[in-house]
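Participant: Quick one: sequence and predicted model below, then my questions.
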Amino acid sequence: MTLILLCLDQNNSRSRVALTLLVRYRFTLVLMEFLMNMT
């Protein structure tokens, strides 16, 4: 749902910031999972 709104509203700077935060959050989750698997 959120991704659809972001795609429709690409020119809006607020949606661009939200997308950046979403990617950063995703990356952090993947990184934490990777570190947990190593131990």
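Facilitator: Cool, the structure landed. All values reported here derive from a predicted model rather than from experimental measurement. Numbers count the residues shown, from 1 in each chain.
Participant: Would you mind listing where the chain has pLDDT under the threshold?
Facilitator: Residue ranges of the chain with pLDDT under 70: 1-11.
Participant: Quickly note the distance from residue 14 to residue 24.
Facilitator: From residue 14 across to residue 24, the span is 16 Å (C-beta to C-beta, to the nearest Å). For the C-beta atoms, the positions are set from N, CA and C on the backbone; glycine is no exception.
Participant: what about the longest helix in the chain?
Facilitator: Taking DSSP state H as the criterion, the chain has its longest helix at helix 13-38.
Participant: What are the buried residues along that one?
Facilitator: Using 16 or more other C-beta atoms under 10 Å as the test for burial, helix 13-38 gives 15, 19.
Participant: now for that helix, which elements pack on it?
Facilitator: Where contact means 3 or more C-beta pairs under 8 Å, 6 or more residues apart in numbering; DSSP states H and E, helix 13-38 is packed against helix 2-8.
Participant: one more time with 6 Å, if that's ok
Facilitator: Applying 3 or more C-beta pairs under 6 Å, 6 or more residues apart in numbering; DSSP states H and E, we find helix 13-38 packed against no helix or strand.
Participant: and that helix, how far out from the chain's middle?
Facilitator: On the basis of C-alpha atoms, centre = their mean, to the nearest Å, helix 13-38 sits 5 Å off its chain's mean C-alpha point.
Participant: what's the answer for stretch 29-39, then?
Facilitator: On C-alpha atoms, centre = their mean, the centre of stretch 29-39 falls 17 Å from the chain's centre.
Participant: all numbers from here: first residue = 271
Facilitator: Sure, I'll start numbering at 271, so the last one becomes stretch 299-309.
Participant: Please save the CA atoms from it in CSV.
Facilitator: Taking C-alpha atoms only, stretch 299-309 is exported to CSV below (Å, rounded to 0.1, in the frame of the first residue of the first chain):
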residue,chain,number,x,y,z
LEU,A,299,17.2,-5.5,9.4
VAL,A,300,19.1,-7.6,6.8
LEU,A,301,22.4,-6.5,8.4
MET,A,302,21.2,-7.5,11.9
GLU,A,303,20.0,-10.9,10.6
PHE,A,304,23.3,-11.5,8.9
LEU,A,305,25.2,-10.7,12.1
MET,A,306,23.0,-13.0,14.2
ASN,A,307,23.6,-15.8,11.7
MET,A,308,27.4,-15.5,12.1
THR,A,309,27.4,-16.0,15.8
